[in-house]
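Student: Sequence and predicted structure below; questions after.
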Amino acid sequence: MSPLWPPGLRFLLIGLPLAWLAVFFALPFAMALAISFGAPSDGAPPFSLDAPGLAAWRLLVEDPIYADALLSSLGMAGMATAIAAVIGYPMAYAIARAPARWRGLLLVLVMLPFWTSFLVRIYAWTALLRPTGLINGALQALGLIEAPLQLMDNAFAVQLGLVYVYLPFMVLPLYASLEKLDPSLEEAAADLGARPAAIFATVTLPATLPGLAAGALLMFIPASAEFIVPEMLGGPDANLLGRAIWNEFFANRDWPAAAALAIAIVVLLAGPILLFQRLEARR
Amino acid sequence: MAAIQIERLTRRHGPVAAVDGVDLAIGEGEFFALVGPSGCGKTSLLRLIAGLDPPDEGRIRIGDLDVTGAPPWDRPVNTVFQSYALFPHLSAGDNVAYGLVRAGMPRSQIARRVAEMLSLVQLSEFAGRKPHQLSGGQRQRVALARALARLPRVLLLDEPMAALDRGLRDDTRRQLHALQRRLGITFVLVTHDQEEAFAVADRMAVMRAGRIVQLGTPRAVYEAPADRHVAAFLGRAALLDGVVLAAADDGRVVIDCGPLGRLAGRAVGTLALGQTATLVLRPEHLRLGAEGDDHAALPATAGHAAFHGESVSLGAILADGREIAVSLAPRAACPAPGAPLRLAWDPAVAPVVPA
């Protein structure tokens, strides 16, 4: 930090974000951690820390429903991230290679959905997907199907919702790294005998891997604990992490189990984040 | 047989022709330079030869192969890019190997060729380094080794020295020239720096507005620029515009330069009486003449003198207020600023070109 800054201001500039993190991240995390060692009770708050123990954590390990929720959440998020990468890469590439005067508009279009409430957009999907929805209605009117297709309340709808919601998080970092990519690298590869598929595999993709990794993490982390999408599109049987936490918290009023589950996902996701930072630092 | 044969080649960007009906033949083993100010179409022409852009009209043959519609990966041509375009995720050695892997060369042979190429550019110890761990000059040499590794029929170089500092540039120029002589590969160099072209090229083409305006050896182009623009582009010449007063059969012409008087030089091409023409006075043509010198002479006033080591560049202010450079021997007596001068030159070496 420059000595030109007065010491008071310097303290403020460092202190404010630290205070923010302390109040809104460290403190709630510590509270959740503490609650996870408590026991559910009927009072208010609905837990007691009189006899701290590992009961909630033991429950997490012993009841397969939690491991199942965790695994299917990570699987869902991983699958959705992979699909978003396959869709998002060509999108980002096309935007990065579009004439400069188009790029701004195309990026705004990518971000446009954020201007509408998340909840409203997912609700709109139910209007499209439900048995009496627009898609089934149109297909039936055209005589392509006899009975409505089951488009909702299944894993397909959750995947669709996750990809739809988080695609911009994949496209934007990919765009940033593709836009930075010197076009003469691809020309050099062609000049050295590489055909288009080889150019992509040996030059474009490796050179933009950091952008792909950033996009994948930005999407995978929130998608793995996503609550609204499985709740609204996944049907009653979807056993996913977000819903499991919700259920423990509100339905079962088992705050220690909910807290333990929330902490477990943070710790699990810290792994890939740290790995990513290591990779970034090495470059 | 020509290494490159270009016929009526045209490339348009919207209404503008970046390359406008160019005809050009470049000989086998020739070191050829395309020079001109930025925007003259030299890089566009290079990209057409490399196959990076498709032409709108015309044909390109490399050897006896018509490559007009061929993609870059099917041409016996490799390129050193201005930005070098080294693959950032590959080591120097893997960069050099890239084209060989694509060509399906066996591994053991690739290793041998890469070692050979890196030693050719004196980078043997740097094979394992990533591009960002190399200096600008080293990166340039990796790019050169990478482009040469496939032993192309023609090597294209797009401003390969633009990013190097001056000292390194002279060295690199010499190495490039020696390398070309040793390998016998046809080199086509694009540069905006006429000195670079002079130093290395067998022949050069000066381009303007998508066309070749002059083609010849560096010496011929320097001594007899085709017109005023070419003369202005090639070196620090003073250009004195006038009207042709007299033209002798032996090429001597006299032009009337208005307030500067009547000046003599040697006609480039044929100049008609009354035609506007430009006398090209280069610093090394000029000397300080004595009163009564029967050579062409121009009165001037001494200005600032800049010491360059091997020479002194004296500014001489003409009657119309413009300053032209005179190159003096470093030990020559230097007139004090404000002193009256007579600039003299041998009319046989000072070209007069069409305006």
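Tutor: Received it, and whenever you're ready, just let me know what you need.
Student: Give the other helices and strands that the helix or strand of chain B with the lowest mean pLDDT contacts.
Tutor: One helix or strand of chain B scores below all others by mean pLDDT, DSSP states H and E: strand B:296-307, with a mean of 84. Identification of packing neighbours for strand B:296-307 by 3 or more Cβ pairs under 8 Å, 6 or more residues apart in numbering or on different chains; DSSP states H and E yields strand B:262-267, strand B:312-318, strand B:323-328, strand B:340-345. Glycine gets a C-beta too; all of them are placed from N, C-alpha and C.
Student: mind running it again at 7 Å?
Tutor: Judged by 3 or more Cβ pairs under 7 Å, 6 or more residues apart in numbering or on different chains; DSSP states H and E, strand B:296-307 is in contact with strand B:262-267, strand B:312-318, strand B:340-345.
Student: What's the local residue count around A:I65?
Tutor: By other Cβ atoms under 10 Å in any protein chain shown, the residues close to A:I65 number 12.
Student: Could you list the low-confidence segments of chain B?
Tutor: Applying pLDDT under 70 to chain B picks out residues B:290-296.
Student: Chain A contacts on the stretch 101-250 of chain B?
Tutor: Residues of the stretch 101-250 of chain B lying close to chain A (Cβ under 7 Å from any Cβ of the partner chain) are B:102-103, B:150.
Student: Tell me the one among the residues you listed nearest to chain A.
Tutor: Using Cβ to the nearest Cβ, B:R102 is the member of those that sits closest to chain A, with 3.7 Å.
Student: Next up, the contacts around the closest one.
Tutor: A:192-194, A:198 (Cβ atoms under 7 Å, 6 or more residues apart in numbering or on different chains).
Student: sorry, back to before: quick check: which of the helices and strands packed on strand B:296-307 is nearest to B:G137?
Tutor: B:G137 sits nearest to strand B:312-318 of all the helices and strands packed on strand B:296-307, at 28.8 Å, using Cβ to Cβ.
Student: need the helices for the stretch 1-150 of chain A, in chain order.
Tutor: Taking DSSP state H, counting those that start in this stretch as the criterion, the stretch 1-150 of chain A contains helices spanning A:7-21, A:27-36, A:55-62, A:64-97, A:100-111, A:118-129, A:134-141.
Student: picking that back up, now, which of the contacts of B:R102 lie within helices?
Tutor: Using DSSP state H, the subset of the contacts of B:R102 located in helices is A:A198.
Student: helix or strand right after the longest helix anywhere in chain B?
Tutor: For chain B, the longest helix by residue count, based on DSSP H, is helix B:166-183. As assigned by DSSP states H and E, the chain's next helix or strand after helix B:166-183 is strand B:186-191.
Student: what packs against that next one?
Tutor: Applying 3+ Cβ pairs under 7 Å, 6+ apart, one finds that strand B:186-191 contacts strand B:31-35, helix B:42-50, strand B:154-158, helix B:194-200.
Student: So which residues make contact with the last one?
Tutor: When you say that, I think you mean helix B:194-200. Counting by Cβ under 7 Å, 6+ apart, B:31, B:33, B:35, B:161, B:173, B:176-177, B:189, B:191, B:204, B:218, B:222, B:233-235 sit against helix B:194-200.
Student: can you tell me the distance between the two ends of stretch B:213-221?
Tutor: 11 Å (Cα to Cα, to the nearest Å).
Student: Pull out the buried positions in it.
Tutor: Residues B:213-216, B:218, B:221 are the ones in stretch B:213-221 that count as buried (16 or more other Cβ atoms under 10 Å in any protein chain shown).
Student: List just the nearest of those residues to B:G167.
Tutor: When the buried residues of stretch B:213-221 are ranked by distance to B:G167 (Cβ to Cβ), B:P218 comes first, at 22.1 Å.
Student: And the closest one, how far from chain A?
Tutor: Separation of B:P218 from chain A (Cβ to the nearest Cβ, to the nearest Å) stands at 28 Å.
Student: list the contacts for that residue?
Tutor: By Cβ under 7 Å, 6+ apart, the residues touching B:P218 are B:197-198, B:201, B:204.
Student: can you do 6 Å?
Tutor: Residues near B:P218 by Cβ atoms under 6 Å, 6 or more residues apart in numbering or on different chains: B:198, B:201, B:204.
Student: Mark which of those are buried, thanks.
Tutor: For the contacts of B:P218, a burial check counting by 16+ other Cβ under 10 Å picks out B:198, B:201, B:204.
Student: Would you tell me which residues of the stretch 151-283 of chain A are close to chain B?
Tutor: Within the stretch 151-283 of chain A, the positions near chain B by Cβ under 6 Å from any Cβ of the partner chain are A:182, A:184-185, A:187-188, A:190-195, A:203, A:206-207.
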